[in-house]
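# Sequence first, predicted coordinates after that:
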Amino acid sequence: MTAVLETRDLKRRFGAFVATNDVSLKIERGARHALIGPNGAGKTTLVNILTGVLPPTSGQVLLDGEEITNLPSHTRVKKGLTRTFQINQLFADYTPLEAVMLAILEREGLGSRLWAVVGSYRKTVDEAAALLARFGLASVMADRTNRLPYGKQRLLEIALAFASKPRVLLLDEPAAGVPEDERHEVLSIVSDLPADVTVVLIEHDMDLVFSFANRISVLVAGAIFAEGTAAEIAASPDVKAVYLGESA
Amino acid sequence: MSLPVQESVQTGAEEQHVDQSRAHRLMQRRTTVRSFEILIWLGALATVYLLPSKMLILTEIAILALFAVSLDLVLGFAGIVSLGHAAFFGLGAYTAGLFARYVTAEPVAGLLVAGAAAGLLGYATSFLILRGSDLTRLMTTLGIALMMAEAANQMAWLTGGADGLSGFSIDPIFGLVPFDLWGRNGFIYYLVVLFLSTLVARRLAFSPFGLSLKAIKSNPVRAALVGVPVRRRLITTYTVAAVMAGFAGALLTHTTSFVSPDVLAFHRSADVLLVLAIGGTGYLYGGIFGAIGFTLLKDALSVVTPQYWMFWIGLLLVILVLVGRARLTRWVDDLGERLPGLRGTNR
Amino acid sequence: MTPLLSTHKLFAGYGAAAVLAGVDLTLQEGRTLALLGRNGTGKTTLVDTLAGLTTHHSGTIHLMGRDITRLRADRRAAAGIGWVPQERNVFKSLTVEENLTAISRPGPWTVERVYSMFPRLKERRRNLGSQLSGGEQQMLAVARALMVNPRLLLLDEPLEGLAPIIVDELMIALRQIVQGEGTSAIVIEQKARKILPLTDEAIILDRGAIVYRGSSAELLADERAMGQHLGVEKAL
Amino acid sequence: MLTILFDGIAYGMLLFILACGLTITLGLMNFINLAHGAFAMTGGYVTVVMMNRFGISFYWCLPAAFLASAILGGVLEATLYRRLYHASHLDQVIFSVGLVFMSVAAADYLMGGQQQLIQLPPELSGRTEFVGVGIGRYRLFTIVVCAILVVTFQLILAKTRFGSRLRAAVDDRRVAMGLGINVPAVFALTFAFGSGLAGLGGAMGAEILGLDPNFPLKFMIYFLIVVAVGGTSTVSGPFLAALLLGVADVAGKYHVPAIGPFVIYGLMIIMLILRPAGLFARGGR
């Protein structure tokens, strides 16, 4: 197996504070890879660096062996790397249909068309409708995003990333803040993601992590503390001590 | 929804078909020509016959409206707060004046040249407003406009300095239609330019490009992460808007056969911002409604208090913001929902 | 007897996101409570909500019988809540002493008393907050909360990310505060075994709701509950 | 040469006094207040009225100008500004431009559109030779008063409990609130104080900068430059920026009158592109 996403000695400082400290990570193609660690361990900073939201202080990011360290976010998306956000980053007054249309049009390279109206791209509209239906959003496709129930917004967050047809999808706490009764919908979408998409999951909910991930990296104080299969991590006394809860 | 929902047998495939046809209807409704749009243009045309004595103020409105539609592209669609949009207006005005004086006084040629000059300036300065917060953008745009104003003032050999640029008169349009004394032909010409520019802006707004613009305004980080090249889109938009502002400036020159340094003054940038504050941003017609409201208000106030109309405009703005602009302009949203729209052009 | 603190069906979160899902909690004067649970279960949100810094959705909070649900954060400090935020957040451009005096309220805790508890802070009184080490920042954050002279102290992971020797030092100080002074406190902590001996009662949060409550001693002895809710395996 | 430097410093110090209230409004509350110049103008007109209509001594006018502007600022903060702290920047711009328009028209209505002149006390007018350099006495007076103000301002900020509360609120508004600092009240007082300083600056600047109803518009860009270039995290940043701007402006107008303004605006734009957080901003998060 080859690594589809790889980092080499990635480092990010904020002033004197080192948020990401020499992280070298290999994510294999088709993996279900979870990234866990205590609050402030630098998980979100790492995802921001991977997706071009933040530049690293030093180190490299590679996608399929190609260096993407200094590429802007939108180019990375074109190359197949995208993400969701821990706190919803949606277009507040767009309808889900419009938001998904935007993502598909950009993926197809049609986003710079100035003249033809959006509705005339009939295949895109069909695809958007199908995608929304798949994510359980068909019934609300015409509602404003900021008026959707929170759980639906979380689904849209994932649908939007998915519309770019990513090869690697980074999910930053997909179930965070979702009320209990809407939770199962989000979780089933996450577990039903197609097998050929590589998924990196950041999550605090250990039930979800252990049921979903086949490989886990534990991040502590900006550095990789431990890495292994789910079983290895669950059994590691060191990981228990720093994160899962202590043993004696 | 105005269309009857099509009958369907509830199978999985049918269900999908229902979703898809609903999606198609929704996407088409976005671009549907709303009845108020037709009313505006019909009304504008009607004024030519109904209000022949008001051509001057109508011309003023048309020019301001064009200027405001241009700023709306930058502000309402791309989300860039600019305090220096007069830079493009003024450059357009001076270019048109100089072109009429030294090259040819045919107005349409002058208009295009003025638009091109303003567009070039827009393209060149767009790189300065790509980064930074609202404050830095505000100051950069303001700084550029002030530099332009200073340049116009200093280069008296070219621009006439503080006395303004004069000594030219405008030829008939295409050499055929002369500007008449009452400003009627002129107004029709301005209206045509405004109409065409609005049409372009409208197509742009409803294109994939326009869809991505509002996404950038709403959330630039996420827009980049669905694949939108944010910088490139902003540069294009800023340039197109600059061209339109240049048009507006050129039209002013053609009206008055004179260019005063006032075309670059701060109050012009502020006024056009206020026009959008009154008319609302991000739906194209805010500039036009706002220009009508602003000009009529200013006119009425300057009749009542010739010197101090500025005070009441200021008060209106303060109240507008405190009450909430969004709440006041929401009716426009509803307009499209309630009135049965006509079918839009769809290809 | 009126409890010091009681919440009733408390729903809150950040903006529209719901994090707390109906928390019912009571704490008597002079008692201390350990707030346990894994990462991301709403512990910090609960403390922030008590401090008045989240979006309130529904439910009530009473402090000494007084309804403080709608009280602004700065008034809650005056009403008797002292807060040690998770990231410590000492004021960086203030000196150590200014950090203490800027927010002080009259009461038994004075700058001198706080210094005698944390002599290290006295040594660094003229240094800016930004110049302190992590351990010193944490001491300052605790000392600062004491200067409010609170009836109820909220401590959000006070031991997180500190060297063991500093942890011991802080534990002694905390013991002094809650047992010596009888100050009521709610302490968030990841490591249950570390904090339970210090506290009287414990609750465990999961997905924004209380899934376990009992005395700290009981929980320490209840290996099944520890394993189930906290993932803590049998102690050796 | 030295005279220009001296005049430039006087001018720069005056700009700092005028703009330092805006530093706080922008830095603490992230409020784009384009109407800051209106408070300065208020101070200027208070002085003109007191001196020219009632013949009150210039020295009494200065504290009066401070008080009048501070009260006006405090009242406007409590009634209007406060509601817009969380509004969009566009709303703040429109709102404050509205205030500018109102103030310009009101000044025109009350005082007339002409330049206002004040007769300085004789001991402040004229020039003094000092080691071969001609020094305007009023310039010297301005420098001394402004220096005292800067030092006082710095002392209040550094040494008083109010100062440390204000700095705490700037550092971390949320934690300051959570620890019992009444941030809105601290800010209202600060806003009033900043407006008062602007008023005082307006009073003193009537001689150097001129005073007419367009004052708030004319100097808006200067205030903004001081804040944007100086940054909002320190007092010394805007102070240095104001001095630089003052010297550059005076020198530019003297040596290269044709391109003076270009130099300033051009430098500002370059600076904003290179250091968006301000020339003297601290690094870090």
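On my side now, so go ahead. Numbers count the residues shown, from 1 in each chain, chains lettered A, B, ... in the order given.
# From now on I want contacts and neighbour counts done on CA atoms only, so please keep to that.
Noted.
# Now do the strands in the chain.
Defaulting to chain A. A:3-14, A:17-28, A:32-36, A:58-63, A:66-67, A:81-83, A:168-172, A:198-202, A:215-220, A:223-229 (DSSP state E).
# I was thinking of chain D, sorry if that wasn't clear
All strands of chain D, identified by DSSP E, fall at D:127-130, D:133-136.
# Quickly note the distance from the residue most central in space within chain C to chain D.
The centroid of chain C falls nearest to C:L155 when counting by Cα atoms, centre = their mean (1.8 Å). As judged by Cα to the nearest Cα, to the nearest Å, C:L155 and chain D stand 13 Å apart.
# in chain C, what spans have low per-residue confidence?
Counting by pLDDT under 70, the low-confidence segments of chain C come to C:231-236.
# pull the longest helix from chain D.
Ranked by number of residues, the top helix in chain D under DSSP state H is helix D:2-29.
# helices or strands up against it?
The contact analysis (3 or more Cα pairs under 8 Å, 6 or more residues apart in numbering or on different chains; DSSP states H and E) places helix D:2-29 against helix D:36-48, strand D:133-136, helix D:137-159, helix D:161-171, helix D:183-208, helix D:215-230, helix D:236-255.
# Now do C:I61 against chain A, distance only.
Relative to chain A, C:I61 is positioned 21 Å away (Cα to the nearest Cα).
# my read: that residue touches C:G52, true?
No: in this structure, C:I61 is not within contact of C:G52 by Cα atoms under 8 Å, at 10.0 Å.
# now what about stretch C:80-95, what contacts it?
Here stretch C:80-95 makes contact (Cα atoms under 8 Å, 6 or more residues apart in numbering or on different chains) with C:44, C:51, C:99, C:125-131, C:137-138, C:140-142, C:145-146, C:148-158, D:164, D:167-168, D:171-172, D:175, D:178-179.
# okay, it in CSV with CA atoms only?
Extracted in CSV, the C-alpha atoms of stretch C:80-95 (Å, rounded to 0.1, in the frame of the first residue of the first chain):
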residue,chain,number,x,y,z
GLY,C,80,-19.5,35.0,43.8
ILE,C,81,-18.2,32.9,40.9
GLY,C,82,-14.4,32.7,40.4
TRP,C,83,-13.3,31.1,37.2
VAL,C,84,-10.0,29.5,36.0
PRO,C,85,-10.3,29.2,32.3
GLN,C,86,-9.1,26.1,30.4
GLU,C,87,-6.3,27.8,28.5
ARG,C,88,-5.4,29.8,31.6
ASN,C,89,-5.6,33.0,29.6
VAL,C,90,-3.6,35.2,31.9
PHE,C,91,-3.7,38.8,30.7
LYS,C,92,-0.5,38.9,28.7
SER,C,93,0.2,42.6,28.7
LEU,C,94,-0.4,43.0,32.5
THR,C,95,2.2,42.2,35.1
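# Just list the residues touching C:G15, thanks.
C:54-55.
# quick one, phi psi at it?
phi 60, psi -130 (degrees, to the nearest 10).
# before we move on, what about C:I210?
Phi and psi for C:I210, reported as degrees, to the nearest 10, are phi -80, psi 120.
# before we move on, the earlier item: filter the contacts of stretch C:80-95 down to the buried ones and express that as a PyMOL selection.
To isolate the buried ones among the contacts of stretch C:80-95 in PyMOL, judged by 16 or more other Cα atoms under 10 Å in any protein chain shown, type:
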select buried, (chain C and resi 44+51+99+125+127+128+129+130+137+138+140+141+142+145+146+148+149+150+151+152+153+154+155+156+157+158) or (chain D and resi 164+167+168+171+175+178+179)
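# which residues sit in contact with B:T237?
Counting by Cα under 8 Å, 6+ apart, B:T237 touches B:73-74, B:78.
# Report pLDDT for it.
Note on B:T237: pLDDT of 94.
# Quick check: mean pLDDT of the helix or strand that contains B:V18?
Assigning secondary structure by DSSP states H and E places B:V18 in helix B:12-31. Across helix B:12-31, pLDDT averages out at 82.
# quick one: is it near chain A?
Yes: using Cα under 8 Å from any Cα of the partner chain, helix B:12-31 reaches chain A at B:16, B:19-20, B:23-24, B:26-28, B:31.
# Mind putting those into TSV with neighbour count?
Below are the residues of helix B:12-31 next to chain A laid out as TSV (neighbours: other Cα atoms under 10 Å in any protein chain shown):
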residue	neighbour count
B:Q16	18
B:D19	21
B:Q20	23
B:A23	25
B:H24	20
B:L26	19
B:M27	23
B:Q28	20
B:T31	22
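# Now render those residues as CSV, adding distance to B:F99.
As requested, these are exported to CSV (distance: Cα to Cα, whole Å):
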residue, distance to B:F99
B:Q16, 59
B:D19, 56
B:Q20, 54
B:A23, 50
B:H24, 48
B:L26, 47
B:M27, 44
B:Q28, 43
B:T31, 38
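# Tell me the one of these nearest A:G109?
B:M27 (19.1 Å; Cα to Cα).
# give me every residue that touches that closest one.
Counting by Cα under 8 Å, 6+ apart, B:M27 has contacts A:98, A:118-119, A:125.
# D:P216 and A:T7: what is the separation?
Noted for D:P216: a distance of 54 Å to A:T7, by Cα to Cα, to the nearest Å.
# Who has more neighbours out of these two?
Set D:P216 next to A:T7 and count neighbours by other Cα atoms under 10 Å in any protein chain shown: D:P216 wins out with 26 against 23.
# is it true that the more buried one touches D:N33?
No: D:P216 is beyond contact range of D:N33, at 11.4 Å (criterion: Cα under 8 Å).
# and the residue nearest to D:I208 when sequence neighbours are not counted, how many residues sit next to it?
Excluding its sequence neighbours, the residue lying closest to D:I208 (Cα to Cα, 6 or more residues apart in numbering or on different chains) is D:Y11, at 7.7 Å. Neighbour count of D:Y11, defined by other Cα under 10 Å: 25.
# on that earlier part again, top of the contacts of B:M27 by neighbour count?
In terms of neighbours by other Cα under 10 Å, the contacts of B:M27 top out with A:V118 at 30 neighbours.
# got the CA coordinates for stretch A:38-56 in PDB?
The C-alpha coordinates for stretch A:38-56 follow below in PDB (Å, rounded to 0.1, in the frame of the first residue of the first chain):
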ATOM      1  CA  PRO A  38      -6.400  15.900  24.200                       C
ATOM      2  CA  ASN A  39      -7.700  19.400  23.800                       C
ATOM      3  CA  GLY A  40      -5.000  21.700  22.400                       C
ATOM      4  CA  ALA A  41      -2.900  18.900  21.100                       C
ATOM      5  CA  GLY A  42      -2.900  20.500  17.700                       C
ATOM      6  CA  LYS A  43      -5.300  18.400  15.700                       C
ATOM      7  CA  THR A  44      -7.200  21.200  14.100                       C
ATOM      8  CA  THR A  45      -3.900  23.100  13.300                       C
ATOM      9  CA  LEU A  46      -2.700  20.000  11.600                       C
ATOM     10  CA  VAL A  47      -5.800  19.800   9.400                       C
ATOM     11  CA  ASN A  48      -5.500  23.500   8.700                       C
ATOM     12  CA  ILE A  49      -2.000  22.900   7.400                       C
ATOM     13  CA  LEU A  50      -2.900  19.900   5.400                       C
ATOM     14  CA  THR A  51      -5.700  21.800   3.600                       C
ATOM     15  CA  GLY A  52      -3.800  25.000   3.000                       C
ATOM     16  CA  VAL A  53      -5.800  27.200   5.500                       C
ATOM     17  CA  LEU A  54      -2.500  27.800   7.400                       C
ATOM     18  CA  PRO A  55       1.000  27.600   6.000                       C
ATOM     19  CA  PRO A  56       3.500  25.500   8.000                       C
END
